[in-house]
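> Need coordinates for the following:
(chains A and B)
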Amino acid sequence: GQQVMQIPQYQHVQEGEDFTTYCNSSTTLSNIQWYKQRPGGHPVFLIQLVKSGEVKKQKRLTFQFGEAKKNSSLHITATQTTDVGTYFCAGPKLNTGNQFYFGTGTSLTVIP
Amino acid sequence: EPEVTQTPSHQVTQMGQEVILRCVPISNHLYFYWYRQILGQKVEFLVSFYNNEISEKSEIFDDQFSVERPDGSNFTLKIRSTKLEDSAMYFCASSEALGATKNIQYFGAGTRLSVL
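Got it, this is the predicted structure:
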């Protein structure tokens, strides 16, 4: 079945260090979305990538969608304590409707 | 800003009891979803709903689960006979439509279900 894996599962960084999480799908995705979930909170939409090879930036966050539309990455430059949370990638399989497959998530801890 | 609301925030029930989790999606959204998140684990898709019927469902969504849109605003998830392993956070989400940019999902704050 469809699997979306993320690595690493956990990441501890010192404040100011960079952070990257990688998302890999077993099948081609129609598009990919990234969500952030703060401890005790709910997933909050960050960004959507649609095109093969697409790169988008949001301030210190850089998102990439792979050429084959099966992988993606999120890179945070100079982490801050407000970046703490779990980052999930998610997307529908290509040519399917609206069953979203969420990645396993990467939990980020930022040490002040 | 419009938001998805869920009630109750926490539901405690005895094993074997029926529970109904309630959600009010964003008013102009057409697609509704239920997800489950067991503590510390990933978000798992349960079901999507469109035009008053189930659009897709996962293998988790067995005969014990049902969804309903009883009126123009509420979207409910019913678990007929709860099991211990149903204990989880249940998130409702809605999206405007399908397709890129329209399928962005907005999540409610969740209902924590505790089955004793």
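> Excluding residues flanking it in the chain, which one is nearest residue 66?
Since you didn't name a chain, this refers to chain A. A:Ser72 (6.3 Å; C-beta to C-beta, 6 or more residues apart in numbering or on different chains). Where C-beta positions appear, they are placed from N, C-alpha and C, glycine not excepted.
> Oops, wrong one, chain B.
B:Lys78 (4.8 Å).
> for the helix or strand harbouring the one you found, what is the average pLDDT?
Using DSSP states H and E, B:Lys78 maps to strand B:75-79. For strand B:75-79, mean pLDDT is 97.
> again, but for stretch B:38-46
Mean predicted confidence for stretch B:38-46 is 91.
> Kindly report the same for stretch A:15-22.
97.
> still on that earlier bit, can you tell me the strand partners of the strand holding B:Lys78 and which way each runs?
Strand B:75-79 sits in its sheet next to strand B:19-24 (antiparallel), strand B:65-68 (antiparallel), going by DSSP bridges.
> Between these, which one is closest to B:Tyr90.
strand B:19-24 (5.4 Å; C-beta to C-beta).
> could you point out which element follows the closest one?
strand B:31-37.
> What pairs with that following strand, parallel or antiparallel?
strand B:44-50 (antiparallel), strand B:88-95 (antiparallel).
> what about the lowest-mean-pLDDT helix or strand in chain A, near chain B?
The weakest-scoring helix or strand in chain A, judged by mean pLDDT, DSSP states H and E, is strand A:100-102 (a mean of 85). Yes. Part of strand A:100-102 sits near chain B under the criterion C-beta under 8 Å from any C-beta of the partner chain, namely A:100-102.
> Pipe those residues into CSV and attach neighbour count per row.
What follows is the residues of strand A:100-102 next to chain B, written out as CSV (neighbours: other C-beta atoms under 10 Å in any protein chain shown):
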residue, neighbour count
A:Phe100, 24
A:Tyr101, 24
A:Phe102, 21
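> Now render those residues as JSON lines, adding distance to A:Lys51.
Formatted as JSON lines, the residues of strand A:100-102 next to chain B follow (distance: C-beta to C-beta, whole Å):
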{"residue": "A:Phe100", "distance to A:Lys51": "19"}
{"residue": "A:Tyr101", "distance to A:Lys51": "19"}
{"residue": "A:Phe102", "distance to A:Lys51": "21"}
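> What is the nearest of those to chain B?
Comparing these against chain B with C-beta to the nearest C-beta picks out A:Phe102 as the nearest, at 4.3 Å.
> Test of understanding: give the bridge partners of the residue sitting nearest the centre point of chain A.
Nearest residue to the geometric centre of chain A (C-alpha atoms, centre = their mean): A:Cys89, 3.9 Å. Counting by DSSP bridges, A:Cys89 forms beta bridges with A:Trp34.
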